[in-house]
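1. Task: produce atomic coordinates for the following.
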Amino acid sequence: MMTNPVLLVHVTSVLLSISGFIFRGILRFSGSDLANRKWLKITPHIIDTVLIVSAIILYLRSGLELFSTPWLMAKIIALLLYIALGLIAFRFGKTRTIRLVAFFEAILVFAYIIGVAVTRNPFVFF
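-> Got it, this is the predicted structure:
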């Protein structure tokens, strides 16, 4: 049971973020007009802002040193990679194949971030 409300907000935001990412990907790659709705373009930014703010609060409360905590640095680097892959998948990929590959790679990177968060081991899959 989670007794830390900030952690609960963070984990909920994580679940909403990846669910929304996958949902938007399905809509976009299936050619649905729903993918162009304004609320589907705005909502992810709100969720991801809550996610990042809750992560910063958790970090500040943890007393961890960023540069001497390998698993935390791995999460941050992986987050930047996830964002870059998401941009390729939804905006900058020149072909459908490139966009699809970036989409699935982003999901794998997200899974890595979750694995690192749970195990606190940057080599979680190795």
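2. Could you list the low-pLDDT ranges of this protein?
-> The chain contains residues with pLDDT under 70 at 1-2.
3. can you do 80?
-> 1-2, 126 (pLDDT under 80).
4. For the residue lying farthest from the centre of the chain, give its distance to residue 89.
-> Going by CA atoms, centre = their mean, the residue of the chain most distant from its centre is residue 33, 24.1 Å out. Applying CB to CB, to the nearest Å, the value for residue 33 to residue 89 is 19 Å. Every residue, glycine included, has its C-beta placed from N, CA and C.
5. Other residues contacting stretch 9-19?
-> 2, 44, 47-48, 50-51, 54-55, 58, 107, 110, 114 (CB atoms under 8 Å, 6 or more residues apart in numbering).
6. Please indicate which of those residues are buried?
-> 44, 47-48, 50-51, 54-55, 107, 110, 114 (16 or more other CB atoms under 10 Å).
7. nearest to residue 71, of those residues?
-> Relative to residue 71, the closest of the buried ones among the contacts of stretch 9-19 is residue 114; by CB to CB it sits at 12.2 Å.
8. tell me which element that closest one falls in.
-> helix 96-119 (DSSP states H and E).
9. Distance from that helix to the middle of the chain?
-> 8 Å (CA atoms, centre = their mean, to the nearest Å).
10. For it, buried residues please.
-> Result for helix 96-119 [16+ other CB under 10 Å]: buried residues 99, 102-103, 105-107, 109-110, 112-117.
11. Show me what it is packed against.
-> helix 5-30, helix 70-87 (3 or more CB pairs under 8 Å, 6 or more residues apart in numbering; DSSP states H and E).
12. What lies in contact with stretch 108-121?
-> 14, 18, 21, 71, 74-75, 78-79, 81-82, 85, 122, 124-125.
13. Cool, thanks, signing off.
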